[in-house]
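[1] have a look; sequence and predicted model below, questions after that.
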Amino acid sequence: MLRRRTPKVDFDLARPVAPDLLKALLASASRSGSPQAGGTVEPARLDALRALCWQSAQVELRTPRTMMESIRLTRVGPSEILEHRDGISLNTPFIRAAAALGFFDRSAPPEEGSAGYKGAMDRFEGHSRTAMGFVWLTGGNTRADQIAAGRAYVRLQLKATELGVGMHPMSQALQEFAEMAPHYERAHQLVLGQGAPKEAGDPTVQMLCRIGYPQGEVPATPRRPLAHLLQA
């Protein structure tokens, strides 16, 4: 559990994920009443899913209100990261210097062509392009189904840690806002072979994650104390 990481980095294009490893990973998610786990490492399917991830990420980054959701949860430097222990952690010397000098504006989305805009685009493009496989969870969409999907996801990621492979959610295409609707539909067509759900009982893609091998050490994500999340 302490070794579990979410690798928000480019994966190694020279290291494919073996089909047998994918099979072992997916088997870890199965429980009675759980969502169905699926996945692929087939080159013929990877290109379409990589394209989906990159296209949907561009929609999120170019839609001001959804981009601002991420900006409001961006934590810059050790003090902010330790204070909040959530959101998006940025701790590079360049970003910290820019924030200290007042050049890192968090009151509005970065302008197209700016360093911040280009950095965000490059990051998501790299994550999408270097996906060496995908895993997903599908099922109904009641609140109980959503909780079961969360539990199955943690089992998947703990097994991925045991197997030595990285697993990183790429959830942009699964967001339910108007501008994302074509990609939400496309995600369901690619994964389930049918259209997006209309009712809570319809088959729904609950999680979509890329898998692959990071090219170096992945830092731990800051975690909030348990007392901040649970109350007796």
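    Looks like it came in fine.
[2] quick one, grab the pLDDT at the closest residue to residue 161 other than its chain neighbours.
    Spatially, and ignoring its direct neighbours in sequence, residue 161 is nearest to residue 4 (4.8 Å; C-beta to C-beta, 6 or more residues apart in numbering). Backbone N, C-alpha and C define where each C-beta goes, glycine included. Looking at residue 4, its pLDDT stands at 92.
[3] touching, residue 9 and residue 219? I think so.
    No: the pair residue 9 and residue 219 does not pass the contact test of C-beta atoms under 8 Å, sitting 9.7 Å apart.
[4] ends of stretch 95-104, what's the gap?
    Between the opening and closing residues of stretch 95-104 there is a gap of 7 Å (C-alpha to C-alpha, to the nearest Å).
[5] ok, residues contacting it?
    76, 77, 90, 116 (C-beta atoms under 8 Å, 6 or more residues apart in numbering).
[6] now stretch 154-167
    Taking contacts as C-beta under 8 Å, 6+ apart, the residues outside stretch 154-167 that touch it are 1, 3-7, 9, 11, 17, 21, 24-26, 28-29, 31, 37, 135, 137, 209-214, 218.
[7] now do stretch 72-81
    Stretch 72-81 is touched from outside by 83-84, 86-91, 95-96, 99, 104, 106, 222, with contacts defined as C-beta under 8 Å, 6+ apart.
[8] A strand includes residue 89, no?
    Yes: residue state for residue 89 (DSSP: H, G, I helix; E, B strand; the rest coil) corresponds to a strand.
[9] gap between it and residue 75?
    Relative to residue 75, residue 89 is positioned 5 Å away (C-beta to C-beta, to the nearest Å).
[10] residue 9 and residue 219: which has the busier surroundings?
    residue 9 (20 against 12; other C-beta atoms under 10 Å).
[11] phi, psi of residue 137?
    Note on residue 137: backbone dihedrals following degrees, to the nearest 10 are phi -130, psi 130.
[12] thought it was touching residue 29?
    Yes: using C-beta under 8 Å as the test, residue 137 is close enough to residue 29 to be in contact (6.9 Å).
[13] picking that back up, wait, a helix at the residue nearest to residue 161?
    No: Residue 4: not assigned to a helix; according to three-state DSSP it is coil.
[14] which residues touch it?
    Contacts for residue 4 (C-beta under 8 Å, 6+ apart) come out as 157, 158, 161.
[15] export these to TSV and tack on secondary structure, neighbour count and pLDDT?
    Supplementary listing: those in TSV, determined by DSSP: H, G, I helix; E, B strand; the rest coil; neighbours: other C-beta atoms under 10 Å; pLDDT from 0 to 100:
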residue	secondary structure	neighbour count	pLDDT
157	helix	22	96
158	helix	15	96
161	helix	16	96
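[16] tell me which of those is nearest to residue 125?
    Of all the contacts of residue 4, the one sitting nearest residue 125 is residue 157; the distance, using C-beta to C-beta, is 23.6 Å.
[17] any figure for the gap between that closest one and residue 51?
    Using C-beta to C-beta, which is the criterion applied here, residue 157 is 24 Å from residue 51.
[18] ok, then the element right after the helix or strand containing residue 65?
    Assigning secondary structure by DSSP states H and E places residue 65 in helix 64-72. Next helix or strand after helix 64-72 toward the C-terminus (DSSP H and E): strand 74-76.
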